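S.K.: A predicted structure for the sequence below; I have some questions about it.
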Amino acid sequence: MFSLEGITTNVQDWLFMKFNPTIALAMECVIVILLSISLFAILGLVLVLMERKVAAHIQIRLGPNRVGPGGMFQTVADTLKLIMKEGLVPELADKFLFNLAPFVVMMVGMLLLAPIAFAKNFQIWDINIGVLYISAVSSLSVIGILMAGWASNNKYSLLGAMRSGAQIVSYELSAGFAVLTIVVLTGSLQLSEIVKAQENGWWIFKGHIPALIAFVLYIIAVTAETNRAPFDLAEAESELTAGFHTEYSGMRFALFFLAEYINIFIVCAIGATLFFGGWMPLHIGNWEAFNHIMDYIPSSVWFMGKTFALIFLIMWFRWTFPRLRVDQLLNLEWKYLLPISLFNLLLVAVIAILGWHF
Amino acid sequence: MFLKEYLSDVVNGVSSLLKGMRKTGYYFTHPKEIITEQYPDNRATLLLSERFKGEVVMPHDANNEHTCTGCTACELACPNGTIKVVTKFEVSPEGKKKKAIDALVYRLELCTMCNLCIVACPSDAIKMAPNFEHSVFDRTKLTKVLNQPGSKIREGIE
């Protein structure tokens, strides 16, 4: 059966056989960098197209359908246009920070790829504090956004960046608590351990209602963290033109745009790993035959399927729900999500201690 | 008591959001609901709203007769001088003189499709037609005479 695990071990064995360990390691790094950059590029194209198609069908439209079969190459054409456009820097902007900001935002996305398990034993870095690493690094993206807003020397950009800061800092809390419920159930921060713990059923089924509540809280919080509608106050077309990336054009704008979609992919991948078992096929308790059939579907297909299902859910939110005001946004977090997630964490702790989960 | 209100708030909010998601989910899974017209491709089967206002026309029946009496109500109603009614006197076989239209001149380039002339017309002689492909290279072509050559007023219309 096709497996990514075999390919990685083969490549590693071959490299270490041919070269000395230092050079082999360096070459592995280069391969990983190339793979993650190409993953980013492909994801950007696929997700933007998917968003436009989903939006169109939800709004009873057709969406892009002229470039290529079914509009498949629309985003490729858009990217080519963006590459050829002039990248304008405002005269009074802080040139260094202005140019640095999109790369900071992208770098955060790249760093977050490291601990994600894409398939069975296919992981860049199986760090033993994976969940902590993810919540620590994902909050760095606010620095890039603040940098962009500040360096643009534009009131809309600054306001958008400040709103984004307030939003990310507050929603990080409930996202963190939602993640913690699964950590409490698993007893480990390592992502491979969390996936392994779901061998006989995903946490969303095994963890009863608290896991379900945690999942809902997680989805709400990450929608806010990625600055997407209905929480798109950082961009807020109707009030702030485009928020923190008002002054960006050409490829720098494309990087921000790409980073938004990469962040969606990453938070959905983490959500799939924590609540839906990552690459783990759908296993039900002791049904040996059923479990065996499910194992025949490659683990990478399971992972991508779950991740894209969650991405679709977030897109569905975006094209259904009305936007929130800033005060409503903060009310939702501090008056509803945070108390509920605190209570939920307590409930999960009781369940985990008494062993009530399956 | 406070807790009860708080929880009912949460339940109400979640259920109303789910209601919205059900609606959009229905649209997403039912492509036959799509209302996009792929216009230049489907010119033959284009579906337009009944109330679409594209230009003023004067319907004629099979005998090349219209119902315009030449009362100039449309000309008076028009806010920007789009319509000009040119009248003439027809002499009936009994020797009676009767007012009739010679030409109802309609200048499409001035028309804002406000529908006031159609509302003003006492004999329903003119109506809005769903034509919208009006572009021409010569603007004099936009000045149209709505009554067909040789047409006359239908019997019994005063």
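M.R.: Nice, thanks for sending it over. Residues are numbered from 1 along each chain as shown, chains lettered A, B, ... in the order given.

S.K.: only C-alpha atoms for contact and neighbour calcs from this point on.
M.R.: Noted.

S.K.: got the buried residues for the helix or strand where residue A:309 lies?
M.R.: Using DSSP states H and E, residue A:309 falls within helix A:299-318. For helix A:299-318, the buried set under the neighbour-count rule, 16 or more other CA atoms under 10 Å in any protein chain shown, comprises A:299-300, A:302-308, A:310-312, A:314-318.

S.K.: for the closest residue to chain B within the stretch 251-358 of chain A, helix, strand, or coil?
M.R.: Nearest residue of the stretch 251-358 of chain A to chain B, counting by CA to the nearest CA: residue A:320, 6.1 Å away. When classified by DSSP: H, G, I helix; E, B strand; the rest coil, residue A:320 comes out as coil.

S.K.: that one reaches residue B:18, doesn't it?
M.R.: No. If you go by CA atoms under 8 Å, residue A:320 and residue B:18 don't touch, sitting 9.6 Å apart.

S.K.: buried ones in the longest strand seen in chain B?
M.R.: Longest strand of chain B, by residue count under DSSP state E: strand B:97-107. Counting neighbours by 16+ other CA under 10 Å, one finds that the buried residues in strand B:97-107 are B:100-107.

S.K.: got a list of contacts for the helix holding residue A:309?
M.R.: For helix A:299-318, contacts defined as CA atoms under 8 Å, 6 or more residues apart in numbering or on different chains pick out A:3-4, A:51, A:54-55, A:58, A:118-120, A:219, A:223, A:228-230, A:264-265, A:268-269, A:271-273, A:276, A:278-281, B:21, B:24-25.

S.K.: please pick the buried ones from the residues you listed.
M.R.: Among these, those that count as buried by neighbour count (16+ other CA under 10 Å) are A:4, A:51, A:54-55, A:58, A:118-120, A:219, A:223, A:228-230, A:264-265, A:268-269, A:271-273, A:276, A:278-281, B:21, B:24-25.

S.K.: filter those down to the ones in strands?
M.R.: Per DSSP E, strands hold the following members of those: A:118-119.

S.K.: of residue A:320 and residue B:18, which one has the most company?
M.R.: Legend: neighbour count by other CA atoms under 10 Å in any protein chain shown for residue A:320 and residue B:18, higher for residue A:320 (23 against 16).

S.K.: measure the more buried one to residue A:46 for me?
M.R.: To residue A:46, residue A:320 is 21 Å away according to CA to CA, to the nearest Å.

S.K.: could you do residue A:211 as well?
M.R.: Separation of residue A:211 from residue A:46 (CA to CA) stands at 30 Å.

S.K.: in terms of packing, which of these two has more residues around it?
M.R.: A direct count of neighbours by other CA under 10 Å for residue A:211 and residue A:46 places residue A:211 higher, at 25 against 16.

S.K.: I'd assumed residue A:180 was in contact with the more buried one.
M.R.: No. Applying CA under 8 Å as the test, residue A:211 and residue A:180 come out as separate, 10.5 Å apart.

S.K.: follow-up on the earlier one: what is the nearest of the buried residues of strand B:97-107 to chain A?
M.R.: The shortest gap between chain A and any of these belongs to residue B:107, at 35.6 Å (CA to the nearest CA).

S.K.: which parts of chain A sit against chain B?
M.R.: With the criterion set to CA under 8 Å from any CA of the partner chain, chain A comes near chain B through A:54, A:57-62, A:316-317, A:319-321, A:336.

S.K.: among the residues you listed, which pair sits farthest apart?
M.R.: Using CA to CA, the pair of the residues of chain A next to chain B lying farthest apart is A:62 and A:336, separated by 37.3 Å.

S.K.: out of those two, which sits in the more crowded spot?
M.R.: Shown here are residue A:62 and residue A:336; by other CA under 10 Å, residue A:62 has more neighbours (21 against 17).

S.K.: pLDDT below threshold where in chain B?
M.R.: B:158 (pLDDT under 70).

S.K.: cutoff 80 now
M.R.: B:1, B:90-99, B:150, B:152, B:155-158 (pLDDT under 80).

S.K.: strands of the chain, start to end?
M.R.: Defaulting to chain A. Assigned strands in chain A, in chain order: A:117-119, A:122-123 (criterion: DSSP E).

S.K.: my bad, the chain I had in mind was chain B
M.R.: Listed in chain order, the strands of chain B (DSSP E) span B:55-57, B:65-66, B:83-91, B:97-107, B:127-129, B:143-145, B:152-153.

S.K.: can you give the domain ranges for chain B?
M.R.: With domains defined by automatic domain parsing, chain B comprises B:2-34, B:55-150.

S.K.: go through those domains and name the closest to chain A.
M.R.: Between these, domain B:2-34 lies closest to chain A; by CA to the nearest CA that is 4.4 Å.

S.K.: the closest one vs chain A: in contact?
M.R.: Yes. Domain B:2-34 is in contact with chain A by CA under 8 Å from any CA, via B:10, B:17, B:20-21, B:24-25, B:27-28, B:31, B:33-34.

S.K.: wait, residue A:151 sits on residue A:95?
M.R.: Yes. With contact defined as CA under 8 Å, residue A:151 and residue A:95 form a contacting pair (7.3 Å).
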